[in-house]
Every structure is written in C-alpha cells, then in structure tokens.
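> Just the structure for this:
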Amino acid sequence: MLFTAGLSLWYARWGYFLALVFALSLPFALASIPFRPVVWTLFLLSLWPLAAEWDRQLFPDEKRTAALAEQREDAVLLRQTARALVAPEKMVFLAPWWLSPALAYWSGQKGVAGSSHQSLPGIAESARFYLTDRAATARAILADHHVHFVVAYEPSRILPNSAQILGQTVPRHPMGRILYNQPSAAPGFLRLVYENRFFRVYNTAVTAPSP
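The predicted structure follows:
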C-alpha cells in the first residue's frame, strides 16, 4: 500500500494501482477491527458517494440533462460528418485532436492528429492550423500533410484548447473561427462541401487525392 502510494506521488498514472490495492486490502483492514458495528458503519458511509453518483446519473438536474442531450446530438452529427470524409481512395483529414479518433474509425481515413493521444506532433500541427490568422501558414500546413479535408468545429472549444497546447494567445481572426462562423470568408484553397449544426467540412485544393 505504501509502495503504490509512493509510486503514485512519483508518477500520477500509478494512482490506478493504488486504488486497486486499496480496494483489495480493505476487507482485511476492516476484519482487523473487533467491534462489528464500527465496521458496518464505515461500510455504509463508504456507500454514500456511490449513492450520490447514482442519484446524479439516474436523476440529472436540468443543466446536466441539457448537456447530455447536446452530447448525444454532437455524437450523432459527428457520425454524419464522418460520412462526408468517406471516399473510394485513401485521403487525409485535419480535425480537432479529440474528434480525430472517432472520425478516423468511422470514415476509414487518416487524420493529421492521429487516432490516439500518442500523435503529439499531429496534434500540435492541427492546433497551429486552427489558431493561425495567416492563410499562407494554413495552406503550408495542409500541403505538408497532404490534407484533403478540413473539419471545422465550435471555435469556443477548439481555440482555447489549441492556445493551451501551443502556449499562445488566440489571435483576432484565427482560422478556426473563420471556417466555422464565416464560410464565405474562407481562403480560396478551401471549399465548403458539407455542414450541419456543429460541424463544417472543407475540401482542400492544395493536394491531389492519393492513388
């Protein structure tokens, strides 16, 4: 127990093992208490956080209900967006890093930000694209990665995240905001081919489809 606690302090990911060891050792620790009413009292008290969480899940308040409804709609529209990326030949898309794994799975295409959290260079490149206010920089990023499709998403979510990743401030007219809020003002090398309530898909003119 102390060993896993020390490892958790050293590296946060060991916390999973600390929780597992604690759960496995708890029956033995409680068995060492001779007074049974104390054991049962501790056991019942330990159920309180679990009961509170179940109450929150089964009977959500109005705010959480609205958030869950938006999440469900977001997932449905993301799946529809993935269909716009489907093509007979293999292509590359650029999308926010946390959406790329699902889009890659549903579309069968390759994402610049990769299909997992391990694609750190691609994540940084996608953040640079959405954050830049220079068309030449955006074009160069797309050309360097042979991107065929660009997915635009709610800028209030993309831009702060991209700024945090790169350690930069959000410029006045970033590409992520233009593509979402002002499709008509998009650079000439990006053409809107699909949109729904939460997503926009642009076809690029900076690279040809792979053979």
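
> Outline the domain layout of the chain.
Under the assignment automatic domain parsing, the domains of the chain span 2-58, 76-204.

> For residue 117, report the pLDDT, please.
With respect to pLDDT, residue 117 scores 56.

> Likewise for residue 209?
pLDDT at residue 209 comes out at 42.

> need the domains of the chain in a markdown table with distance to residue 64 and mean neighbour count, can you?
From N, CA and C alone the C-beta is placed, and that goes for glycine too. Listed next are the domains of the chain as a markdown table, based on distance: least, CB to CB, whole Å; neighbours: other CB atoms under 10 Å:
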| stretch | distance to residue 64 | mean neighbour count |
| --- | --- | --- |
| domain 2-58 | 7 | 11 |
| domain 76-204 | 18 | 18 |
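
> looking at these, which one has the lowest mean pLDDT?
domain 2-58 (a mean of 78).

> quick one on the thing from earlier: now the domains of the chain in a markdown table, with distance to residue 66?
A markdown table is the format used below for these (distance: least, CB to CB, whole Å):
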| stretch | distance to residue 66 |
| --- | --- |
| domain 2-58 | 15 |
| domain 76-204 | 15 |
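
> Can you show me the strands along the protein?
92-94, 110-111, 149-152, 190-195, 200-204 (DSSP state E).

> quick one, which of those strands is nearest to residue 142?
strand 200-204 (5.3 Å; CB to CB).

> for the domains of the chain, which one sits closest to residue 70?
Of all those, domain 76-204 comes closest under CB to CB, at 9.0 Å.

> Straight-line length of the closest one, end to end?
25 Å (CA to CA, to the nearest Å).

> what's near enough to touch residue 108?
residue 86 (CB atoms under 8 Å, 6 or more residues apart in numbering).
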